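Chemist: Have a look; sequence and predicted model below, questions after that.
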Amino acid sequence: MRQRTGGFVLAGVLTLTGCAHTAAGLAPDTLGRLESTSGGFLSGAVEGFDGEPTVLNRKDFIWALDFAPRGQRVAYTRLGDKAYHVSIWDLSPAAAKSGDARAPVMRADPSVNVQQYDLEGVTFSPDGSRVATVSRSGAVQLFDAATGSQVVALATEEPLVSVAFHPDGKWLAVGSAQGLVSLLSVPELAFGAEARLHVGPVSALAFAADGTLYSGGWDGHVRASDTPEQVLKPDVARTHFERRGGFAAVQGRVDSGPPVVLALDSRTPVVVLTTAAATASGIDVAFLKDTVTVPGALGNTVARLSRGRTLRFKQLTLPGVDVAVCDACVPQGSQGVLGAPFAERVDTVFDETTAEAVFTLKGGAPEGASTAMARALSPRLDFTFPAHVNDVTVDARGKRLGVAFSQEKAERNRTVYERERKGIQEPQGPWNAGALVDAVSGQVLRKWELHHGVVSTAAIAPDGRSLASGGWDRRVYLFAEGAPEAAGELEFGWSVRRVRFSPEGHQLGVAAWTPQKATGSQESDPAAVVVGVRYASPAVEARAAQ
């Protein structure tokens, strides 16, 4: 990694593994104001990177990175030898070990999921107590930020690629590779609301302090959605469906079990589960005493019956359902059948445009049914750009956005790898850029076109006056609003995946891939880095109360 600051190159490749950055580059009075101001952040023109970077990882592909809103902590997702992990670090001097007051400390490094599914999203809760991850497996997971222990996990229906905490800490937004944005309660991860805001991947999610949710997508849109509180309606649910073996199949849950694929067939006189699905749902099949006769293509089958179960489809619940356990009664490719008892209580309409089944309880929610407050997703603004949107961040005031654009989709394919292997540089272009964008009008206030090819990430400083961007050209640039050239530059060994400012604005975190080595120490170029940011004449401002 090479660092370029104010036009000067710091020669050689940095090998530092400690030296955690604090606000040491600040004047004592500025540092004092920053430490004494609740929610304080630096404001002013950036003039470069400050000192040598802290290298947290130089072995792995690092996908995503986030700072804790409170406390000097950072989390990143990494592809390890056997699985994806989320690594949680404490950067504060008080965390130092072995008497080295400069060394950061890894607090936790739990395994999250197998290598097959990319772990593209990570975020801290507003109080810093939890870390959330989302995976292309469709899983959402919450971890204790102090211990790394899993708090809760939820399997959703679509691959997930982005995540953000609501400012109140009680809701989590997740974005799918198919354009769906969902709100889930914390810590239960119960369904709250959803909207298909984009066509294709929801590349980024970011909340402003007032609860406005900004979402970006490869469809060239940035959308702003309000998230007001509302009464959750327990009588309607939309769920993804597929055509399998002549049946429409949906995902649901029995009691508090994992998702199961259920075929819709009103000709079957009962609701059915396979033995494996019933066991996973908490049904002790061996101890079931009641039986029921289930007709099938090969004749009648006597199946064991579990009474009084609850079917769950997002916020819609259907209590008091008897479930038969029969492997021979379930069509291939499914784990159960929603038979006549389901059809008698639920109307089903198929939305072929979105491939969703809309379930509505006949007669509405039962009288006296419990209701809960949730947050709605109400799209309000739609900004369209002639490029793919790869990242969106919002400043502390909610007035400006930092947006990463690319003229080509940010897709890793054989053509991209071949160009990189041959050292062929991607072109610069008017929309291979990082930009400052007005959060109300969508107007591009300032755009920098220094990157070659895909600009994968852009982070706006808390004061909204500076931008950091990173791309597949291995570069990270630091820009000040009024300057045409970069105030600072870092060069990495491979693609930069994520850049983020710390809440105070005096640090920048970088996640990158690194050329991996299978021999020796396996250490390569820096992949997870925290570096200081220097301001010309820094002032201290406070975030507005939420």
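Modeler: Right, received. Where do you want to start?
Chemist: Contact partners for the residue nearest to residue 226 when sequence neighbours are not counted?
Modeler: Using C-beta to C-beta, 6 or more residues apart in numbering and skipping residues adjacent in sequence, the residue nearest residue 226 is residue 378, 4.4 Å away. Glycine gets a C-beta too; all of them are placed from N, C-alpha and C. Listed by C-beta atoms under 8 Å, 6 or more residues apart in numbering, the contact set of residue 378 reads 225-228.
Chemist: Show me where the stretch 251-400 of the chain has its helices.
Modeler: Under the criterion DSSP state H, counting those that start in this stretch, the stretch 251-400 of the chain contains helices at 275-280, 340-345.
Chemist: Compare these and report which one is nearest to residue 516.
Modeler: Of all the helices of the stretch 251-400 of the chain, the one in closest proximity to residue 516, counting by C-beta to C-beta, is helix 275-280 (36.2 Å).
Chemist: Residue 192 should be in a strand, yeah?
Modeler: Yes. Under DSSP: H, G, I helix; E, B strand; the rest coil, residue 192 sits within a strand.
Chemist: one step back: deepest of the helices of the stretch 251-400 of the chain, which one?
Modeler: Using mean count of other C-beta atoms under 10 Å, the stretch among those with the largest mean neighbour count is helix 275-280, at a mean of 18.
Chemist: elements contacting it?
Modeler: Identification of packing neighbours for helix 275-280 by 3 or more C-beta pairs under 8 Å, 6 or more residues apart in numbering; DSSP states H and E yields strand 316-325.
Chemist: List of residues touching the strand it packs on?
Modeler: Where contact means C-beta under 8 Å, 6+ apart, the residues beyond strand 316-325 that reach it are 234-237, 254, 270-275, 278, 283, 285, 288, 292, 294, 303-312, 336, 341-342, 345-346, 359, 361.
Chemist: any idea how far residue 106 is from residue 177?
Modeler: Going from residue 177 to residue 106 by C-beta to C-beta, to the nearest Å gives 30 Å.
Chemist: I misspoke; the intended subject was residue 391.
Modeler: Counting by C-beta to C-beta, the gap from residue 391 to residue 106 is 26 Å.
Chemist: and if you look at residue 266?
Modeler: Residue 266 sits 55 Å away from residue 106 when distances are taken as C-beta to C-beta.
Chemist: biggest strand in the chain, by residue count?
Modeler: Using DSSP state E to define each element, the chain has its longest strand at strand 299-313.
Chemist: got the CA coordinates for that one in PDB?
Modeler: The C-alpha coordinates for strand 299-313 follow below in PDB (Å, rounded to 0.1, in the frame of the first residue of the first chain):
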ATOM      1  CA  GLY A 299     -53.400 -44.400  -2.600                       C
ATOM      2  CA  ASN A 300     -54.100 -43.500   0.900                       C
ATOM      3  CA  THR A 301     -51.400 -43.000   3.600                       C
ATOM      4  CA  VAL A 302     -52.000 -43.000   7.300                       C
ATOM      5  CA  ALA A 303     -49.900 -40.100   8.700                       C
ATOM      6  CA  ARG A 304     -49.200 -39.000  12.200                       C
ATOM      7  CA  LEU A 305     -50.900 -35.700  13.200                       C
ATOM      8  CA  SER A 306     -49.600 -32.800  15.300                       C
ATOM      9  CA  ARG A 307     -52.400 -30.600  16.500                       C
ATOM     10  CA  GLY A 308     -52.700 -26.900  17.200                       C
ATOM     11  CA  ARG A 309     -49.600 -25.600  15.300                       C
ATOM     12  CA  THR A 310     -49.200 -22.000  14.100                       C
ATOM     13  CA  LEU A 311     -48.300 -21.100  10.500                       C
ATOM     14  CA  ARG A 312     -46.300 -17.900  10.000                       C
ATOM     15  CA  PHE A 313     -45.900 -15.900   6.800                       C
END
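Chemist: hang on, the earlier thing: looking at the helices of the stretch 251-400 of the chain, which is nearest to residue 397?
Modeler: With C-beta to C-beta, the closest approach to residue 397 among these belongs to helix 275-280: 47.5 Å.
Chemist: if you average pLDDT over the closest one, what comes out?
Modeler: For helix 275-280, mean pLDDT rounds to 96.
Chemist: Mind listing residues that contact it?
Modeler: For helix 275-280, the surrounding residues in contact (C-beta under 8 Å, 6+ apart) are 254, 257-258, 260, 285, 306, 323, 325, 327, 335-336.
Chemist: In those, which residue is surrounded by the most others?
Modeler: Counting neighbours by other C-beta atoms under 10 Å, residue 323 comes out on top of the contacts of helix 275-280 with 29 neighbours.
Chemist: hmm, which helix or strand of the chain has the shakiest average pLDDT?
Modeler: strand 8-10 (a mean of 33; mean pLDDT, DSSP states H and E).
Chemist: what about the residue located most distally from the centre of the chain, distance to residue 328?
Modeler: Within the chain, the residue lying farthest from the chain centre (C-alpha atoms, centre = their mean) is residue 299, at 48.4 Å. Counting by C-beta to C-beta, the gap between residue 299 and residue 328 amounts to 10 Å.
Chemist: for residue 380, same thing?
Modeler: When distances are taken as C-beta to C-beta, residue 380 and residue 328 turn out to be 52 Å apart.
Chemist: neighbour count winner among the two?
Modeler: For residue 380 against residue 328, the residue with the higher neighbour count under other C-beta under 10 Å is residue 328, and the figures read 13 against 10.
Chemist: my read: that one touches residue 296, true?
Modeler: Yes. The criterion here is C-beta atoms under 8 Å, and residue 328 meets it with residue 296 at 6.2 Å.
Chemist: Residue 326 contacts residue 295, correct?
Modeler: No. Taking contacts as C-beta under 8 Å, residue 326 lies outside contact range of residue 295: 10.8 Å.
Chemist: how would you label residue 34: helix, strand or coil?
Modeler: With three-state DSSP as the basis, residue 34 sits in helix.
Chemist: Can you give the domain ranges for the chain?
Modeler: Per automatic domain parsing, the structural domains of the chain span 2-233+375-542, 236-370.
Chemist: residue ranges with poor pLDDT in the stretch 151-300 of the chain?
Modeler: 297 (pLDDT under 70).
Chemist: rerun at 80
Modeler: Counting by pLDDT under 80, the stretch 151-300 of the chain shows low-confidence ranges at 232-234, 245, 296-298.
Chemist: Please name the bridge partners of the closest residue to residue 160 other than its chain neighbours.
Modeler: If you skip the residues right next to it in sequence, residue 160 has residue 134 as its closest partner in space, 3.7 Å away by C-beta to C-beta, 6+ apart. For residue 134, the residues forming beta bridges with it (DSSP bridges) are residue 121, residue 140.
Chemist: Does residue 134 touch residue 165 like I think?
Modeler: No. Applying C-beta under 8 Å, one finds residue 134 not in contact with residue 165, separated by 11.9 Å.
Chemist: neighbour count winner among the two?
Modeler: Between residue 134 and residue 165, counting by other C-beta under 10 Å, residue 134 is the more crowded of the two (31 against 23).
Chemist: For the more buried one, list the residues it contacts.
Modeler: With contact set as C-beta under 8 Å, 6+ apart, residue 134 has these partners: 119-121, 140-141, 160-163, 174-175.
Chemist: biggest separation within these, which pair?
Modeler: Of all pairs drawn from the contacts of residue 134, the one with the largest separation by C-beta to C-beta is 141 and 175; the distance is 15.5 Å.
Chemist: neighbour-wise, which of these two wins?
Modeler: Neighbour tally, residue 141 and residue 175, criterion other C-beta under 10 Å: the higher count belongs to residue 175, 29 against 22.
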